[in-house]
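Novice: my questions are about this predicted structure, shown below with the sequence.
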Amino acid sequence: MNILFVASECAPFVKTGGLADVIGSIPKALEALGHTVKVLLPAYPAFKQWIKHGEVELELEDLFGGSARVHSVRAKGLNLLLLEAEHLYDRGGSIYLDEEGCDWEDNPIRFGALSLLGAKIGLDGVGGWKPQIVSAHDWQAGLVPVYLRQSGRKAPPVVMTIHNIAFQGLFDGEIRETLGLTEGLYNPDGFEFWGHVGYLKGGIALSDKITTVSPTYATELLTPEYGMGLEGLLRSRQADLVGILNGIDLDTWNPETDPALVKPYSPRSLNRRVANREFLENHFGIEPNEEAPMFCVISRLTTQKGLDLLLESIPTIVKRGARLIVLGSGDRDMEDRYLAMARRFPGSVGVQIGYDEDLSHKMQGGSDAILMPSRFEPCGLSQLFGLRYGTIPVVARTGGLADTVIDANAAALISKCATGIQFTPVTVEALDRAIHRTCDLFKDTKSWKTMMRRAMAQEVGWNSSAELYANLFESLIKKKATRTD
């Protein structure tokens, strides 16, 4: 089966969130099942070193105001199709934001171009290779189904994957003329959304199937609380909506071989984690305390992640003698408030603003628990990293967090199947109770180590989910072939 992925980011090349981790790992899992996968991505500056090793497979004289090329490159175990268009992607700042932290004004054009090329390759192939199915990810690839439908040609089936419905790609309706989108699909049944061009909305409305990144999130999306205005459309397509859990790359995230760790370890040598914890204590200026856990946060600092609530719970952590280390960036006010907490509680709270992949591995390998008090979480990856490394997830009961963490209630502890701690509702009071539960359980060394080993044994890779995706793709290909016949 030939599969084309279309996405805006991909680890380890360029990453702003979990989408990149998924795009960097699931193609490998599908290839391990015998399929051929190519990933279409914008050729940001991070890809320049790779482009010179590839081959030009397609040239365009004019792609929304400038020339463009598609390069075929094999890099980091992935088959990449890199869309080089200097006028769209060769710039500083982040891939979505300028140097001042504002959205690039031409983002609708930049990712409209990505979608247009995704549809073109879906229809015509590239370099003698033609996909049998197209997998489009988040709003940046949301127009792929729109362009395929608009072509009026025989097209491969397309699956739209929602990683986070909070980001929908809504732009002024006039942009459709620039994008070459016709009036025929600019309606409530197509890509029109209250007078705007809705990239994700169009993808949901016009794709063959819709997937999202956990079964619970798929259910939550049908409600006004989580559907973000698209719950009605999703309910109308409920039969085509599937929740498939994300996984993680087990080679990259392996505590037994991870080169980022001060000392690697296994479930049989948990005592080796001490060296990683000591590094973190020195790095963040944290006082040692073997009687209470070290909590960590590795996240965007936003209200979606519930980290405004955690600010209110930091005194509870400190009173219990526990410690907190934070790595992340996000809302400027929240960054400042976390830095203020580090100054208020020196030796108990340490904060580093920004992102450091190497440090994030060390935090998973040396912390006792990872806090994720998210108001909503489509899947979450940090808790999966935590499970893999024996860093106990303390999570809100929502989305993929509910699907991947087994709460340490009395029955789960007795049967030795607990892997973490869940709490609900998402309030300061409930979070405080979860912190107290964690601290109490930490003192029971035998139960805590049993839970660590059970967490590390949990399946968090892509094997099962990759098979589900492959089965879904194959069923759509067969269905479309039957209809055509």
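Specialist: Alright, I've got the coordinates. All figures in this text were calculated on a predicted structure; none of them were measured in a lab.

Novice: does the residue nearest to residue 358 when sequence neighbours are not counted count as helix, strand or coil?
Specialist: Using Cβ to Cβ, 6 or more residues apart in numbering and skipping the chain neighbours, the partner closest in space to residue 358 is residue 260 (4.7 Å). Glycine gets a C-beta too; all of them are placed from N, C-alpha and C. Following DSSP: H, G, I helix; E, B strand; the rest coil, residue 260 is assigned to coil.

Novice: which residues of the stretch 301-450 of the chain fall in helices?
Specialist: Counting by DSSP state H, counting those that start in this stretch, residue ranges of the helices within the stretch 301-450 of the chain are 307-319, 332-344, 357-366, 382-389, 399-404, 410-414, 428-443, 445-457.

Novice: my guess is residue 61 contacts residue 67, does it?
Specialist: Yes: between residue 61 and residue 67 a contact is recorded at 5.8 Å, counting by Cβ atoms under 8 Å.

Novice: which one of the two is surrounded by more residues?
Specialist: Between residue 61 and residue 67, residue 67 has the larger neighbour count (other Cβ atoms under 10 Å), namely 13 against 7.

Novice: which residues touch the more buried one?
Specialist: Counting by Cβ atoms under 8 Å, 6 or more residues apart in numbering, residue 67 touches 59, 60, 61, 85.

Novice: repeat that with 7 Å
Specialist: 60, 61 (Cβ atoms under 7 Å, 6 or more residues apart in numbering).

Novice: could you check the pLDDT of residue 93?
Specialist: Model confidence at residue 93, given as pLDDT, is 82.

Novice: max-length helix in this protein?
Specialist: helix 463-484 (DSSP state H).

Novice: nearest residue to residue 60 other than its sequence neighbours?
Specialist: residue 68 (4.4 Å).

Novice: my read: the one you found touches residue 81, true?
Specialist: No: using Cβ atoms under 7 Å as the test, residue 68 is too far from residue 81 to be in contact (12.0 Å).

Novice: higher neighbour count, these two?
Specialist: Shown here are residue 68 and residue 81; by other Cβ under 10 Å, residue 81 has more neighbours (25 against 22).

Novice: what about the protein, any weak spots by pLDDT?
Specialist: 484-485 (pLDDT under 70).

Novice: burial measure for the closest residue in space to residue 266 that isn't next to it in sequence, as a count.
Specialist: Counting by Cβ to Cβ, 6+ apart, residue 266 lies nearest to residue 256, which is 4.9 Å off, once chain neighbours are set aside. By other Cβ under 10 Å, the residues close to residue 256 number 13.

Novice: and the contacts of stretch 231-239?
Specialist: With Cβ under 7 Å, 6+ apart, stretch 231-239 has contacts from 201, 204, 205, 210, 221, 222, 223, 224, 227, 241.

Novice: measure the first one to residue 162 for me?
Specialist: Using Cβ to Cβ, to the nearest Å, residue 201 is found at 11 Å from residue 162.

Novice: same thing with the fifth one?
Specialist: When distances are taken as Cβ to Cβ, residue 221 and residue 162 turn out to be 7 Å apart.

Novice: list residues touching both of the two?
Specialist: Common neighbours of residue 221 and residue 162 (Cβ under 7 Å, 6+ apart) are residue 212.

Novice: quick one, what contacts residue 157?
Specialist: 133, 208, 476, 477, 480.

Novice: would you format those as JSON lines with distance to residue 412 included?
Specialist: Formatted as JSON lines, the contacts of residue 157 follow (distance: Cβ to Cβ, whole Å):
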{"residue": "133", "distance to residue 412": "39"}
{"residue": "208", "distance to residue 412": "39"}
{"residue": "476", "distance to residue 412": "38"}
{"residue": "477", "distance to residue 412": "41"}
{"residue": "480", "distance to residue 412": "44"}
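
Novice: tell me which element the closest residue to residue 182 other than its chain neighbours falls in.
Specialist: Excluding its sequence neighbours, the residue lying closest to residue 182 (Cβ to Cβ, 6+ apart) is residue 150, at 5.8 Å. Element membership for residue 150 (DSSP states H and E) is helix 144-151.

Novice: now do that helix: which elements does it pack against?
Specialist: When contacts are defined as 3 or more Cβ pairs under 7 Å, 6 or more residues apart in numbering; DSSP states H and E, helix 144-151 sits against helix 107-124, strand 133-137, strand 158-162, helix 199-206.

Novice: run the chain-centre distance for the longest one.
Specialist: Okay, so that is helix 107-124. In terms of Cα atoms, centre = their mean, to the nearest Å, the centre of helix 107-124 is set 21 Å apart from its chain centre.

Novice: tell me which residues of that helix are tucked away?
Specialist: For helix 107-124, a neighbour-count test (16 or more other Cβ atoms under 10 Å) marks 107-123 as buried.

Novice: could you chop this structure up by domain?
Specialist: 2-247+463-484, 270-457 (automatic domain parsing).

Novice: just put those domains in JSON lines and tack on distance to residue 264.
Specialist: Output for those, formatted as JSON lines (distance: least, Cβ to Cβ, whole Å):
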{"stretch": "domain 2-247+463-484", "distance to residue 264": "19"}
{"stretch": "domain 270-457", "distance to residue 264": "7"}
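
Novice: count the neighbours of the closest residue to residue 337 other than its chain neighbours for me.
Specialist: Nearest residue to residue 337, sequence neighbours excluded (Cβ to Cβ, 6+ apart): residue 311, at 5.6 Å. Neighbours of residue 311 under the rule other Cβ under 10 Å: 16.

Novice: tell me which residues touch residue 140, please.
Specialist: Applying Cβ under 7 Å, 6+ apart, the residues near residue 140 are 8, 111, 114, 169.

Novice: the same query, at a cut-off of 8 Å, please.
Specialist: Residue 140 touches 7, 8, 111, 114, 115, 169, 199, counting by Cβ under 8 Å, 6+ apart.

Novice: let me know the closest of the residues you listed to residue 35.
Specialist: Nearest to residue 35 among the contacts of residue 140 is residue 7, at 16.9 Å by Cβ to Cβ.

Novice: hang on, the closest one packs against residue 17?
Specialist: No: the criterion here is Cβ under 8 Å, and residue 7 misses it with residue 17 at 11.7 Å.

Novice: more crowded one of the two?
Specialist: Ranked by neighbour count (other Cβ under 10 Å), residue 7 and residue 17 place residue 7 first, with 24 against 16.

Novice: can you pull the contacts of the more buried one?
Specialist: Contact partners of residue 7, counting by Cβ under 8 Å, 6+ apart, are 19, 23, 39, 40, 41, 136, 137, 138, 140, 141.

Novice: looks to me like the third one is in a strand.
Specialist: So that's residue 39. Yes: according to three-state DSSP, residue 39 belongs to a strand.

Novice: show me what the spatially closest residue to it that is not a sequence neighbour bridges to in the sheet.
Specialist: Nearest non-adjacent residue to residue 39, counting by Cβ to Cβ, 6+ apart: residue 5, 4.4 Å away. Using DSSP bridges, the bridge partners assigned to residue 5 are residue 39, residue 135.

Novice: no more questions from me, cheers.
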